[in-house]
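K.L.:
Here is a sequence with its predicted model. Questions after.
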Amino acid sequence: MTGRARVVVWLFVVVLGLAALGLGILAAVADLDTTAQIATVAGSVGGLAAAAVSGYALLRPPAAPGGAPAATAAGTRSVAAGGSIGRAVTGDRSRLTVSPVMPRAAGAPGSAQASGERGVAAAGEVGEAITGDDAHA
């Protein structure tokens, strides 16, 4: 659950708690007929609000599966991509004279984690990874 959703949930809980407390105080101070009428109106408003929230949840566009692609590169000179990588070069003094090898397909967005020195990770395909020093391609 995101931070914003947590705030909304806690705000909802606080508002409901205050409403229950207010109805309890009203029942202690006023007569039961007045309390019942106010509780009926509050219940109707709450039911309409719940119906509106349900309608919104049904009609909004669905979220992307898995959320945003997460690509994490933790090691020294490591490379990570949430999609495909055409060419990743992490070596020193590399001389590249040919065009990079491109992946055959773009691949679906996803998560990838590269750990360790000069690690390469992709959720899709990797066309070419050159990780050594003094590489010639």
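P.N.:
Arrived safely, thanks for sending. Numbering: from 1, shown residues only.
K.L.:
Relative to the whole chain's centre, how far out is the one helix or strand in the chain whose mean pLDDT sits lowest?
P.N.:
One helix or strand of the chain scores below all others by mean pLDDT, DSSP states H and E: strand 112-114, with a mean of 72. Relative to its parent chain, strand 112-114 has a centroid offset of 17 Å by CA atoms, centre = their mean, to the nearest Å.
K.L.:
Listing partners with orientation, what would you give for the very next helix or strand once past that strand?
P.N.:
For strand 112-114, the following helix or strand on the C-terminal side (DSSP states H and E) is strand 120-122. Strand 120-122 pairs in its sheet with strand 79-81 (parallel), by DSSP bridges.
K.L.:
Whichever helix or strand comes after the partner strand - what's its average pLDDT?
P.N.:
Per DSSP H and E, the first helix or strand lying C-terminal to strand 79-81 is strand 85-89. Averaging pLDDT along strand 85-89 gives 78.
K.L.:
which helices and strands sit right next to the helix or strand harbouring residue 20?
P.N.:
In the assignment (DSSP H and E), residue 20 maps to helix 3-29. When contacts are defined as 3 or more CB pairs under 8 Å, 6 or more residues apart in numbering; DSSP states H and E, helix 3-29 sits against helix 32-59. C-beta here means a position set from N, CA and C on the backbone, and glycine is covered the same way.
K.L.:
For the helix it packs on, buried residues please.
P.N.:
residue 35 (16 or more other CB atoms under 10 Å).
K.L.:
And the next helix or strand past it?
P.N.:
Helix 32-59 is succeeded, C-terminally, by strand 71-73 (DSSP H and E).
K.L.:
What lies in contact with that next one?
P.N.:
Strand 71-73 is contacted from outside by 79-82, 111-114, 119, 121, 123, using CB atoms under 8 Å, 6 or more residues apart in numbering.
K.L.:
who are the neighbours in contact with residue 29?
P.N.:
Applying CB under 8 Å, 6+ apart to residue 29 gives no contacts.
K.L.:
just residue 114 next, same as before
P.N.:
Contacts of residue 114 by CB under 8 Å, 6+ apart are 72-75, 78-80, 120-121.
K.L.:
give me that answer again for 10 Å
P.N.:
Residue 114 makes contact with 71-75, 77-81, 88, 90, 120-122 under the criterion CB atoms under 10 Å, 6 or more residues apart in numbering.
K.L.:
Perfect, that will be all.
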